[in-house]
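J.: one predicted model, sequence on top.
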Amino acid sequence: GNETLQLGYRFEKVRYDNQQEFNKDEKLHGIDAGLHPRLAPDQSLFVSYSRSYQSADIDRLFSYSTGAFKGYVDPMESNTYTLGYNWMQPRNKLKISLYYADLNNEIYYYADPTYVSSKNTNIDKSHKYGLDLHDQWAITPQWSALLNYNYAQAIIDEESQNGEDYAGKHLPGVSNHNLKVALTYLPNRATALTLTQLYRSKAYALNDFNNDFAQRQEAYKSTNIALTYTQKEYELFAKINNLFNQRNGIWIRDDAIYPVDFTTTAIAGVKFVF
């Protein structure tokens, strides 16, 4: 009664068939295994292993401009190992986990600076590791707080394109620090008012596989407010995102930025439950 064991397996077969150029079969195997020993009524450890995969979608195999077949993109496969701790109190729930992921054929878009050899392809080998922290605290019957923090490192082990070797470089677009802090007020059972702060630290621009661009992905910041009123048959909601009008964007390369959540937005609506 003090240990829980979980086991899962998934098999998937994917077939790509282009009569003029190629056909390909992929047999993909997924595994999920975990052991959860209980240390005390309110504490437990967990150790888990998962093998997952992601096959390439059709759009990645063909040219955006001409529709011509650009070459096969292998399915991504990853092996992830996690060690964690749970502490469950009546008013506080804490979960801490350390993880390591070994990846083969991670799918990405290689952007050739000359625009000649740009293509969807695979990173031969890479790995990720980090820490997850989740804490939910019921301060009083009316007030509660939530903290989510993730620390991540993503490293390329083997990959080269057009004579450039990316081994040992950081994977572009991955923030080392991700934070979500939320404070919720419940004036009654039906109403909830939540203030949320989101933060992602700087990262290398999406095309910066050599980690040498002059500009980096700037930190993402957004302060959001949400109000909900919930009944059995319906829910009323109103949200304001990016309350302080933070200028967020996704850096592709130097001076090439896609605006994302770059201004304050508001939305209100109703959900019906039948």
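T.: Perfect, thanks for sending it.
J.: from here on, contacts and neighbour counts on C-alpha atoms
T.: Noted.
J.: where does the protein have low pLDDT?
T.: Along the chain, segments meeting pLDDT under 70 span 20-21.
J.: so the closest residue to Asp42 other than its chain neighbours bridges to which residues?
T.: The spatially closest residue to Asp42, leaving aside those adjacent along the chain, is Met88, at 5.0 Å (CA to CA, 6 or more residues apart in numbering). Beta-bridge pairing for Met88 (DSSP bridges): Lys93.
J.: now the residue nearest in space to the middle of the chain. Nearest residue, chain neighbours left out?
T.: Per CA atoms, centre = their mean, the C-alpha nearest to the average position across the chain is that of Val174, at 9.4 Å. In this structure, Val174 finds its nearest non-sequential neighbour in Ala203, 5.7 Å apart by CA to CA, 6+ apart.
J.: I'd say that neighbour and His170 touch.
T.: No. In this structure Ala203 lies outside contact range of His170 using CA atoms under 8 Å: 9.1 Å.
J.: re the thing from before, for the residue nearest to Val174, what are its contacts?
T.: Residues near Ala203 by CA atoms under 8 Å, 6 or more residues apart in numbering: Pro172, Gly173, Val174, Ser175, Asn176, Arg216, Gln217, Glu218, Ala219.
J.: does the closest residue to Ala268 other than its chain neighbours sit in a helix, a strand or a coil?
T.: Nearest non-adjacent residue to Ala268, counting by CA to CA, 6+ apart: Ala238, 4.1 Å away. Classification of Ala238 by DSSP: H, G, I helix; E, B strand; the rest coil places it in strand.
J.: am I right that Ala238 is in contact with Tyr229?
T.: No. Counting by CA under 8 Å, Ala238 stays clear of Tyr229, with 9.2 Å between them.
J.: CA atoms only: put stretch 23-32 into CSV for me.
T.: Listed next in CSV are the C-alpha coordinates belonging to stretch 23-32 (Å, rounded to 0.1, in the frame of the first residue of the first chain):
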residue,chain,number,x,y,z
ASN,A,23,7.8,6.0,-49.7
LYS,A,24,8.8,5.3,-46.1
ASP,A,25,7.5,3.3,-43.2
GLU,A,26,8.2,4.2,-39.5
LYS,A,27,7.5,2.0,-36.5
LEU,A,28,7.5,4.1,-33.4
HIS,A,29,7.5,2.8,-29.8
GLY,A,30,6.5,4.8,-26.7
ILE,A,31,7.0,3.7,-23.1
ASP,A,32,5.9,5.2,-19.8
